[in-house]
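Novice: Here you go, sequence then predicted model.
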Amino acid sequence: MTFIYNPDQGAAGADKFLSALGFNTGDGVLTATMNDASTVTTDLDGRFLVDVVDDTTPQLGGDLDLNNSDITGTGNINITGSGTLSGDLTVDTNTLYVDSTNNQVGIGTTTLGEALTVNGNVEADNFIGGLIGEVQFKAKAGEAITKGDPVYISSFDVTGNSPVVAIADANDFNKMPAFGLAENTASLNASINVVTFGTLSGLNTSSFSLGDVLYVSDTGTLTNTRPKTESSLIQNIGKVQRVHPTAGSIKVGGAGRTNDVPNLNEGNVFIGDATNCAITRGLTLDDISETATNKHFTASDNTKLDGIESGAEVNVNADWNAVSGDAQILNKPSDITDLSTHNVTELADVTSAGSGAIITSAERTKLAGIATGAEVNVQSDWNVIDTGSDAYILNKPTTITSAEQTKLGHITVTQAVDLDTMESDVTANNAKVTNATHTGDVTGATALTIADEAVTNAKMAHIATGTVKARTTAGTGDVEDIAIATTFKTALSLVKGDVGLGNVANVDTTNASNISSGTLAEARLPSINADNTTISNLTVTNLKAGVLDTDLNSVSASDDTIPSAKAVKAYVDAQIAANATQYYA
């Protein structure tokens with residue numbers, strides 16, 4: 001039904017217009033009365049408002065068609081039933097965006113690439129399905145941490161309800177295993193994300209090669225070299241995906257466990273202890289049980305093996321006829337062909353050959369006197385106390401004193417003597433025996449004499465410096481040490497004539513007035529006082545070389561030379577000539 005309003009309502013030829021409108025709430029019929037009293041009715045069939053009141057919770061009796069119009073307001077829209085939205089949906093620009101055309105939803109973004117695209121972190125109790133991207137967990141930094149550092153869980157922050165992480169160290173059992181790599185750089189107590197699985201990008205991987213396996217190092221960094229020491233725990237934490245100084249990436253994996261057999265020092269094994277824990281050490285005989293066929297190697301076994309020559313074999317019976325094997329006799333004499341017709345009766349019948357030689361009867365007797373198992377003699381040592389040493393002396397007699405040893409030195413092999421009596425007799429000189437015959441400088445049997453000129457300077461007593469052997473004491477007696485400078489000089493009473501200097505005058509040559517003629521060496525001249533002494537006939541030629549400077553072009557910086565008149569004139573003339581404009585007559 002259409003109602004037309006005509007503004008020319010009273011004019012001639014004007015259309016009909018609505019004069020009155022009535023509605024029967026009982027049957028739902030709407031009656032329109034026109035200006036000409038005609039009516040038009042329509043049955044609304046329940047699609048009508050019974051009453052319009054101030055209803056805070058209005059309800060629709062059917063679908064709401066906005067007819068390309070908007071619903072605006074500042075209140076909330078609460079829907080308790082299900083709702084269907086056929087077009088796109090945008091909540092607060094990009095908080096929630098629904099693309100109905102491509103069936104995609106965005107949270108925090110309107111740029112969609114998947115069925116659900118989230119710009120930011122997603123937190124949920126569970127997630128079911130495949131993942132693309134890294135797996136992370138939030139933590140608190142227990143120390144300053146740099147992006148890419150391997151970290152372990154050091155404690156738990158109860159207040160913040162998050163684990164505390166610090167830098168892992170393969171050489172410290174308490175700092176392993178690493179639970180991932182730091183996703184960002186964080187200071188102490190700051191929030192940090194840890195990548196436990198997936199790709200971590202934006203790293204400097206220029207020190208590695210593409211595909212390198214990365215381990216937690218002994219210094220808290222990443223290394224492409226597997227740690228070697230026994231104390232190091234081995235953890236493969238990732239692999240290099242891209243090599244770049246700033247945009248490198250690592251595929252993280254193996255977090256939360258050491259994933260390799262620990263290192264083991266040479267000679268050690270892994271063995272359980274009393275607490276059922278594995279320890280590392282070398283095996284001992286106590287770790288091995290003897291069986292019926294396998295026995296321990298004892299110390300006596302080792303001694304026996306030490307006594308066997310290298311390459312030694314079990315003895316076998318030699319066989320003259322053997323041509324191979326251990327029984328073969330090497331280097332057999334070639335002239336013996338038939339022992340039944342050719343008997344060897346003399347050494348001359350056999351020729352020594354190779355490294356072996358024929359022994360003589362004397363050598364055989366010597367060998368017969370050597371006991372089985374005899375060893376080469378060693379020097380016995382009285383002081384050795386090790387009974388196992390070859391130098392140890394068995395059944396040593398009680399040692400004697402030094403005094404007793406001196407007495408024994410005077411006894412001959414066949415002499416029987418009372419040592420105590422001998423000592424007293426020698427002291428008292430009452431047991432003198434005939435002098436033995438002496439040879440050398442002192443000779444004789446009963447009376448000892450010294451041969452002429454037998455006492456040399458080397459055998460005379462030492463004398464002091466500046467002395468001679470002589471005698472100044474009156475009468476005959478022993479030789480005396482005489483001082484040359486005093487006693488000996490006085491005793492000689494020498495005069496000039498005694499030494500050939502009779503014609504030499506007694507003149508003091510240190511006084512120049514005592515010199516009448518001749519030349520004295522420089523060292524004999526006394527110092528000359530120019531104030532009191534006149535030096536005559538001194539010419540330039542008498543000056544010492546180097547005193548007179550005849551060339552002033554090169555002069556000394558000290559007053560050690562005297563310039564000559566000629567040199568001074570030459571120097572002044574040169575200066576005037578060079579600076580003529582500066583001098584005026």
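Specialist: Ah, there it is.
Novice: Look at Ala327 and say how many residues are nearby.
Specialist: 13 (other Cβ atoms under 10 Å). The C-beta positions use only the backbone N, C-alpha and C, and glycine is treated the same way.
Novice: Identify the residues contacting it.
Specialist: 316-319 (Cβ atoms under 8 Å, 6 or more residues apart in numbering).
Novice: Ile576: what secondary structure?
Specialist: helix (DSSP: H, G, I helix; E, B strand; the rest coil).
Novice: Quick check: the gap between it and Ala570.
Specialist: Note on Ile576: its distance to Ala570, by Cβ to Cβ, to the nearest Å, is 11 Å.
Novice: Compare those two and say which is more crowded by neighbours.
Specialist: Shown here are Ile576 and Ala570; by other Cβ under 10 Å, Ala570 has more neighbours (16 against 11).
Novice: Could you say which helix or strand holds that one?
Specialist: helix 565-578 (DSSP states H and E).
Novice: Beta-bridge partners for Tyr138, please?
Specialist: Let me fix one detail, which is that residue 138 is Lys and not Tyr. Asn193 (DSSP bridges).
Novice: What is the least confident helix or strand in this protein?
Specialist: One helix or strand of the chain scores below all others by mean pLDDT, DSSP states H and E: helix 419-428, with a mean of 60.
Novice: What's the first helix or strand after that helix?
Specialist: strand 442-443.
Novice: residue ranges with poor pLDDT in the protein?
Specialist: Scanning the chain for pLDDT under 70 picks out 1-15, 45-55, 259-260, 333-358, 410-436, 507-535, 554-557, 580-585.
Novice: Not counting its neighbours along the chain, what's nearest Leu210?
Specialist: The shortest distance from Leu210 to any non-neighbouring residue, by Cβ to Cβ, 6 or more residues apart in numbering, is to Val243 (5.3 Å).
Novice: Tell me the spacing between that neighbour and Asp212.
Specialist: Distance from Val243 to Asp212, by Cβ to Cβ: 9 Å.
Novice: cool, Asp286 as well?
Specialist: 44 Å.
Novice: which one of those two has more residues nearby?
Specialist: Asp212 (18 against 7).
Novice: contacting residues around the more buried one?
Specialist: 224, 239-240.
Novice: Out of these, name the ones that lie in strands.
Specialist: 239-240 (DSSP state E).
Novice: what would the contacts of Asp212 look like in TSV with distance to Ile145?
Specialist: TSV is the format used below for the contacts of Asp212 (distance: Cβ to Cβ, whole Å):
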residue	distance to Ile145
Asn224	21
Lys239	22
Val240	21
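Novice: Of the contacts of Asp212, which is the most crowded?
Specialist: Val240 (21 neighbours).
Novice: what sits opposite that residue in the beta ladder?
Specialist: Counting by DSSP bridges, the residues bridging with Val240 are Ile250.
Novice: That one reaches Gly211, doesn't it?
Specialist: Yes: contact criterion Cβ atoms under 8 Å: Val240 and Gly211 qualify, at 6.2 Å.
Novice: Now do the contacts for Tyr392.
Specialist: Residues near Tyr392 by Cβ under 8 Å, 6+ apart: 380-381, 384-386.
Novice: repeat for Ile153
Specialist: Ile153 neighbours (Cβ under 8 Å, 6+ apart): 139, 163-165, 179.
Novice: ranges for the helices of the stretch 351-500 of the chain?
Specialist: Applying DSSP state H, counting those that start in this stretch to the stretch 351-500 of the chain gives helices spanning 361-368, 402-408, 419-428, 489-492.
Novice: same check, this time on the stretch 1-150 of the chain
Specialist: For the stretch 1-150 of the chain, no helices are identified by DSSP H, counting those that start in this stretch.
Novice: for it, what spans make up the strands?
Specialist: Listed in chain order, the strands of the stretch 1-150 of the chain (DSSP state E, counting those that start in this stretch) span 18-24, 29-34, 39-43, 89-91, 96-99, 104-107, 116-118, 135-141, 150-157.
Novice: So what touches the fourth one?
Specialist: In this case it means strand 89-91. By Cβ under 8 Å, 6+ apart, the residues outside strand 89-91 that reach it are 96-98, 100, 110.
Novice: do the fifth one as well
Specialist: The contact list for strand 96-99, computed with Cβ under 8 Å, 6+ apart, reads 85, 88-91, 104-107, 109-110, 112.
Novice: Using CSV, write out the CA atom coordinates for that strand.
Specialist: The C-alpha coordinates for strand 96-99 follow below in CSV (Å, rounded to 0.1, in the frame of the first residue of the first chain):
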residue,chain,number,x,y,z
LEU,A,96,39.3,-7.8,14.8
TYR,A,97,38.8,-8.1,11.0
VAL,A,98,36.7,-10.7,9.1
ASP,A,99,37.1,-11.0,5.4
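Novice: Buried ones in it, by neighbour count?
Specialist: Buried positions in strand 96-99, judged by neighbour count with 16 or more other Cβ atoms under 10 Å: 97-99.
Novice: CSV please, covering those residues and showing distance to Val118.
Specialist: Formatted as CSV, the buried residues of strand 96-99 follow (distance: Cβ to Cβ, whole Å):
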residue, distance to Val118
Tyr97, 11
Val98, 14
Asp99, 14
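Novice: Closest one of those residues to Ile192?
Specialist: Tyr97 (30.5 Å; Cβ to Cβ).
Novice: What's opposite the closest one in the beta bridge?
Specialist: Bridge pairing for Tyr97 - DSSP bridges - gives Thr90, Gly106.
Novice: That one and Leu112, how far apart?
Specialist: Taken as Cβ to Cβ, the span from Tyr97 to Leu112 is 7 Å.
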